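1. Structure of the sequence below:
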Amino acid sequence: MSTGIPAPTGPHPAWTRVQLARHPKRPHSLDYIQQLFTDFQELHGDRRYADDAAIVCGMGFLRERPVMVIAQQKGRDTKQKLHRNFGMPKPEGYRKAMRVMELAAKFGRPILTLLDTPGAYPGVDAEERGQAEAIAYNLREMSRLTVPVVAVVIGEGGSGGALGVGVANRVYMMENAIYSVISPESCAAIIWRDAAHAEKAAAALRLTAPDLVKLGLIDGIVPEPGEGAHAEPDQASFNLANTVSQAFDELLAMSAEELVNQRYEKFRKMGNFFSE
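-> Coordinates of the predicted model:
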């Protein structure tokens, strides 16, 4: 079935991939969790303020391997979108995620994070409860985790909102996902004073998976079938499971010290494009 969105070919496919990353039928985190995991048990609350529905946390078995899961969830219809706050986490969401990661470290479980957010929630209430501090705390503590961490951008990876659960030993992107410090519309509004230039901004931001592989910011691309993950979600889930399982196979062979050092060195090298 045609989606009305052209396939991502040609010299500047960035805007097409932005459209595919936001496709209304694109699989969300809970769709992948249902496909990938058996006996998934969700955990709620940050033990401080509330339970943030924009981040789903829990434990399950990925091909018989116990895994802790932290996933950002957008919602499908209007009611779900409001319940999930359009996938924009608040501080309690990041604190819930860290609580689950600490459990994973305590019991020696690998961690999978699924990133899909336009960004952290910028509301006054979130700022009052320490949005920036919650994200910064996660960045520091995730860098120190002694268990394998794999992150996958499945749709939109929006700035610190995604990075707050995205400090991982391996970072992957679905083929038509995007990962950027700012949305194309916001970038266009700043640079050209007009959000209508979003397509031009998307190309300039280098936010696609092929771009980020070339820049060394991600470790690999999870292929999507046909016109995108929404066209054949079962195949997309299978491809995702293969990538994550292989990553865990390799990372679990490393010691706790090696995992921490590898993660540290990985992020320290980002943005360094000079050589002697």
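2. Which of the three states applies to residue 227?
-> Classification of residue 227 into helix, strand or coil gives coil, according to DSSP: H, G, I helix; E, B strand; the rest coil.
3. Which residues belonging to stretch 263-276 are considered buried?
-> For stretch 263-276, a neighbour-count test (16 or more other CB atoms under 10 Å) marks 263, 266-267 as buried. Yep, even glycine has a C-beta here, placed from its N, CA and C like the rest.
4. repeat for stretch 222-234
-> For stretch 222-234, the neighbour count (16+ other CB under 10 Å) marks 222-225, 227-233 as buried.
5. rewinding a little: can the buried residues of stretch 263-276 go into JSON lines with extra columns for pLDDT?
-> Putting those into JSON lines (pLDDT from 0 to 100) gives the following:
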{"residue": "263", "pLDDT": "96"}
{"residue": "266", "pLDDT": "93"}
{"residue": "267", "pLDDT": "92"}
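6. now those in CSV, with distance to residue 101?
-> Listed next are these as CSV, based on distance: CB to CB, whole Å:
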residue, distance to residue 101
263, 13
266, 17
267, 16
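7. Let's check: the centremost residue of the protein is which one?
-> Centroid check for the chain by CA atoms, centre = their mean gives residue 115 as the closest residue, at 1.6 Å.
8. just the strands in the stretch 101-250 of the chain please.
-> Under the criterion DSSP state E, counting those that start in this stretch, the stretch 101-250 of the chain carries strands at the ranges 111-117, 149-158, 170-174, 178-180, 220-222.
9. Just the buried residues of stretch 263-276: which are in helices?
-> Of the positions in the buried residues of stretch 263-276, 263, 266-267 sit in helices, assigned by DSSP state H.
10. what bits of this structure have low per-residue confidence?
-> Within the chain, the ranges that satisfy pLDDT under 70 run 1-12, 273-276.
11. cutoff 80 now
-> Applying pLDDT under 80 to the chain picks out residues 1-12, 271-276.
12. all helices of it, in order?
-> Along the chain, counting by DSSP H, helices occupy 14-21, 29-36, 78-83, 91-107, 124-128, 131-143, 159-163, 184-191, 198-205, 209-214, 233-251, 256-268.
13. Of all the ones you listed, which one is nearest residue 45?
-> If you check each of these against residue 45 by CB to CB, helix 91-107 wins as the nearest, at 6.2 Å.
14. Residues contacting that closest one, please?
-> Outside helix 91-107, the residues that touch it by CB atoms under 8 Å, 6 or more residues apart in numbering are 43-52, 54-55, 57-58, 68, 70, 109-111, 113, 120, 126, 129-131, 133-135, 137-138, 141-142, 145-147, 149, 164-165.
15. Same question for stretch 78-85.
-> The contact list for stretch 78-85 (CB under 8 Å, 6+ apart) reads 52-54, 73-75, 121.
16. Alpha carbons of that stretch, as PDB, please.
-> Provided in PDB are the C-alpha atoms of stretch 78-85 (Å, rounded to 0.1, in the frame of the first residue of the first chain):
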ATOM      1  CA  THR A  78      -5.700  11.700  20.700                       C
ATOM      2  CA  LYS A  79      -6.500  10.100  24.100                       C
ATOM      3  CA  GLN A  80      -3.200   8.200  24.100                       C
ATOM      4  CA  LYS A  81      -1.200  11.100  22.900                       C
ATOM      5  CA  LEU A  82      -2.500  13.200  25.800                       C
ATOM      6  CA  HIS A  83      -1.900  10.400  28.300                       C
ATOM      7  CA  ARG A  84       1.700   9.900  27.000                       C
ATOM      8  CA  ASN A  85       2.200  13.700  26.700                       C
END
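17. buried sites along that stretch?
-> Going by neighbour count (16+ other CB under 10 Å), the buried part of stretch 78-85 is 84-85.
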